[in-house]
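# this is the structure alone, sequence omitted:
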C-alpha cells in the first residue's frame, strides 16, 4: 500500500493538497484532492491507465448551504486489513477481505459554512468503495439531504447493461443493453464493459437508514448519484454523527472477475444477530404457480388455492422428494377485494376458514417439512408494522422459520405511518423510510428465529453478512413474468441477471417450471435443460421448484436432479460465460464432496468447452449430465428435447456441450465410479 499527503512546495503553495493510496497489489491507485473551487474530488487509475476521472464528492442540503465548495483537504489516515471470515451459508464458505484504506478529512471554509466532512476509501485488488462519514460537530446536528454530489466519471465508453431507476415497476424490468453514454437514470448494480475490455459494476453496500442510490448520467460517460425520493422533501434525514452506505465499483478483466467478487459483502459489518443454525438452506415447493397462472385464487372462493387439504398434499410430495418446505400464499385474511397498493385488510395472524394454520404446521412437522409463511402487505407497511411482532412470535411457536414478504404496489406507493396518529405518507420502495422498514422486519424476525425472503424489496447491498436471516430477495423480473406473456422475459434475461442483478446478492427467482408453460399454455423462453441450469446460475439459499407437483412428477429424471442439487455451497466458480450471453458455473456442495456444473444460454446456439480443472486431484467422479437434445430450441415445441449422459471424469478432463437457443445444462459430479 502507498499513501501520501502532499501540500506542494514553497513555490507552489496554491496547489491544493492531495492524498493517494493503492490497492494491495498496487494495480489500482486512488488520488483524492480538491479543485480550484474547493470541491472535493477523487480519481482512479488501474494498471497505470485512467479508469475514473476527477469525480466530485459532497451533498446538497434542503436547509443549509451545500457541502460542495470551499473545502480544503486537511488530513488523511491510512490503514489496511487482511482476514478471512466464514459465511453461515452462501456461494462460498470462506471470504477473503484484503484491502487498504484511506480516511480523508475535509474542512469547509467559514464563508461556506465551516463544516467537516470525512470520506473513507477502501481499495481491493478487484474493486473499491467509499463512504461519507459525518462527524459530530458544532452547528450541524441534523443533515437534511436533498441529494448527493457523488460522481463516477467513467474514463471510457463501452457497453452498459441496466434498468431505469424510479419507474412504476421498481426493479422488475427487462435489462437494456446500450452504449455507456446512452444510459439515462439507472438502478444499481449497473454493469459495464469498457472499450478496452475492462469490466465494471457500480453499486452500493450496507444500505442502512438511507435512501437507495440511483445513477443519473449527466454528460458523456459521467454519472452522478441521485437518491430515491421521500415524502418529507429531504431524501435523507440523519442526525450526526453518521455514515452513508458505501458507493462501490467492482473492477475486473473479464466477466468471471465481476461474478467471483465479494466486494459488497466485505464492506458490510459482521454478523450482528448471532447463531443462525436454525435456518437451513433448502429447496421448496409451493401453492403459488397456480395463482400466478390464474388457475387458483389468493382470495377466498371456489378456486381458492390455500386450502388445508391442498397444503397437506404438497407436504406429502415435499417429504417424498426431499423438499424442506412448502410456501403457501393466500392463507391469511385480507385477499378479498382490491389489495394491490392498499393492504389495509391484511391480517398476518388470522387464517381464512378453509386453512387451518396449526393443523398444517403440525402435519408438516411430522414429515420434516416446514410451512413457509407469506406476508403480502400490498405496500401497506403501517398495517404490517402494527402486527409484526405478534406475527413473528406466532410463526416461531408453529415452527415456521422462513417467511416470504411482499410489497406489491407501484413505485411511490408504499403506505407508511405518518408523523401524527392515524396519518399515513406515501413512500418509494427504496426510499429511506422503506429501508428502515425492511431492517425492522429483519431484526424483529431474527428475535423469533425467522428468516426473511423479501419480494418487491429494496435492493440487496450485502446486508446478509450483518443479518444472515435476510436470506434472499426478489428485486428483478422472476419466473412469474413467463406466465403472463409469450417470451415475456426473453431467453437472454437470465444470462443477463447473472452479471447484473445477481451481483447484489441471492435472488428468489423460482425456477423449476418443467412443463415450460405459463397461463393459457403460453410457452416459456426456455428449454427443459435450462430449467435445471437455473439452479446453478441463479443462486439462492432457498430454491423453489415452482411448477405444479403434478407437472414435476411427469419428469422424474429432472425432479431427481432438483431433489439432489444443493442450496448451499463451499465454492463457486464461473467457468464459462460473457455478460448477457451465457453463464456456466461450477459449485461444490458444502455438505458433501459432490460438484455441480450448469447454467443458462441466450437465444444463440453455442458450443462450450468446460475444463474440469476445479475437481479434486486424484479422484474419479461419475458425471450425470442433463443437456439440450438435438434440435432443441425455446422457439418451438422442441424446447422439451433433453438428452442424458453418464461419464467418468477426472481433474483435467473437458466436457463439450451444445447449448440450444434459450437452452442450458446441468451436471452432477459424484466421487466414485
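On my side now, so go ahead. Model, not experiment: these values are computed from the prediction.

# what sits against residue 565?
By Cβ atoms under 8 Å, 6 or more residues apart in numbering, the contact set of residue 565 is 283, 532, 535-536, 543, 596, 666, 668. For every residue, glycine as well, the C-beta is placed using N, CA and C.

# what about it, distance to residue 110?
63 Å (Cβ to Cβ, to the nearest Å).

# also residue 311?
68 Å.

# who has more neighbours, these two?
Taking other Cβ atoms under 10 Å, residue 311 and residue 110 do not tie; residue 311 has more neighbours (26 against 9).

# how about that one, nearest residue that isn't a chain neighbour?
residue 360 (4.7 Å; Cβ to Cβ, 6 or more residues apart in numbering).

# try residue 511
residue 534 (3.7 Å).

# could you do residue 118 as well?
residue 133 (4.3 Å).

# chain neighbours aside, what residue packs nearest to residue 634?
residue 662 (2.6 Å).

# helix, strand, or coil at that neighbour?
Assigned with DSSP: H, G, I helix; E, B strand; the rest coil, residue 662 falls in the coil class.

# what is the end-to-end distance of stretch 512-532?
7 Å (Cα to Cα, to the nearest Å).

# show me how the protein divides into domains.
3-266, 282-565 (automatic domain parsing).

# reformat those domains as TSV; add distance to residue 644 and mean pLDDT.
Below are these laid out as TSV (distance: least, Cβ to Cβ, whole Å; pLDDT from 0 to 100):
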stretch	distance to residue 644	mean pLDDT
domain 3-266	27	95
domain 282-565	7	97
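
# so which of these gets nearest residue 571?
Residue 571 lies closest, by Cβ to Cβ, to one member of these: domain 3-266, at 5.5 Å.

# can you give me the neighbour number for residue 424?
As a burial measure, residue 424 scores 17 neighbours (other Cβ under 10 Å).

# that older thread, the residue nearest to residue 511 is in what secondary structure piece?
helix 528-537 (DSSP states H and E).

# so which bits of that helix are buried?
Burial within helix 528-537, assessed by neighbour count using 16 or more other Cβ atoms under 10 Å, is assigned to 528-537.

# between the residues you listed, which sits nearest residue 346?
Among the buried residues of helix 528-537, and counting by Cβ to Cβ, the member closest to residue 346 is residue 534, at 30.9 Å.

# surely the closest one is in contact with residue 601?
No - Residue 534 lies out of contact with residue 601 (Cβ atoms under 8 Å); the separation is 11.3 Å.

# now the common contact residues for these two.
With Cβ under 8 Å, 6+ apart as the test, residue 534 and residue 601 both reach residue 664.

# contacts only, for the residue nearest to residue 311.
Residue 360 makes contacts with 308, 311-312, 315, 328, 371, as judged by Cβ under 8 Å, 6+ apart.

# Three-state assignment for it, please.
helix.

# equivalent analysis for residue 284, please.
Of the three states, residue 284 takes strand under three-state DSSP.

# give the contact list for residue 121.
Shown in contact with residue 121 (Cβ under 8 Å, 6+ apart): 21, 30, 32, 42, 101-104, 128-130.

# surely it is within a strand?
Yes - applying three-state DSSP, one finds residue 121 inside a strand.

# how close does it sit to residue 40?
With Cβ to Cβ as the criterion, residue 121 and residue 40 are 12 Å apart.

# anything in contact with each of these two?
32, 104.

# what comes up buried for stretch 214-224?
By neighbour count on 16+ other Cβ under 10 Å, the buried set for stretch 214-224 is 214-217, 221-224.

# residues in contact with that stretch?
Residues outside stretch 214-224 that contact it (Cβ under 8 Å, 6+ apart): 53, 55, 148-157, 165-166, 180-181, 183-188, 190, 202, 225-228.

# now list the buried members of those residues.
Judged by 16+ other Cβ under 10 Å, buried ones among the contacts of stretch 214-224: 53, 55, 148-156, 165-166, 180, 183, 185-188, 190, 202, 225-228.

# pLDDT score assigned to the spatially closest residue to residue 449 that is not a sequence neighbour?
With sequence-adjacent residues excluded and distances taken as Cβ to Cβ, 6+ apart, residue 449 is closest to residue 278, at 4.6 Å. Note on residue 278: pLDDT of 97.

# give me the neighbour count for residue 278.
Per other Cβ under 10 Å, the neighbour tally for residue 278 reads 11.

# could you do residue 195 as well?
Neighbour tally, residue 195, other Cβ under 10 Å: 11.

# check contacts around it.
For residue 195, the contacting residues are 156-158, by Cβ under 8 Å, 6+ apart.

# gap between it and residue 53?
Distance, residue 195 to residue 53, by Cβ to Cβ: 15 Å.

# for residue 296, state which of the buried residues of stretch 214-224 is nearest.
Out of the buried residues of stretch 214-224, the member with the shortest distance to residue 296 (by Cβ to Cβ) is residue 214, at 36.8 Å.

# tell me the spatial nearest neighbour of the closest one, not counting adjacent residues.
Closest residue to residue 214 apart from its sequence neighbours, by Cβ to Cβ, 6+ apart: residue 165 at 3.4 Å.

# can I assume the one you found is in contact with residue 190?
No - judged on Cβ under 8 Å, residue 165 makes no contact with residue 190 at a distance of 9.4 Å.

# residues in contact with residue 122?
99-101, 128-130, 246, 267.

# how close does it get to residue 566?
Note on residue 122: its distance to residue 566, by Cβ to Cβ, is 32 Å.

# ok, now residue 345?
40 Å.

# over to residue 158?
From residue 158 to residue 566 the distance is 36 Å (Cβ to Cβ).

# ok, now residue 607?
Residue 607 sits 28 Å away from residue 566, going by Cβ to Cβ.
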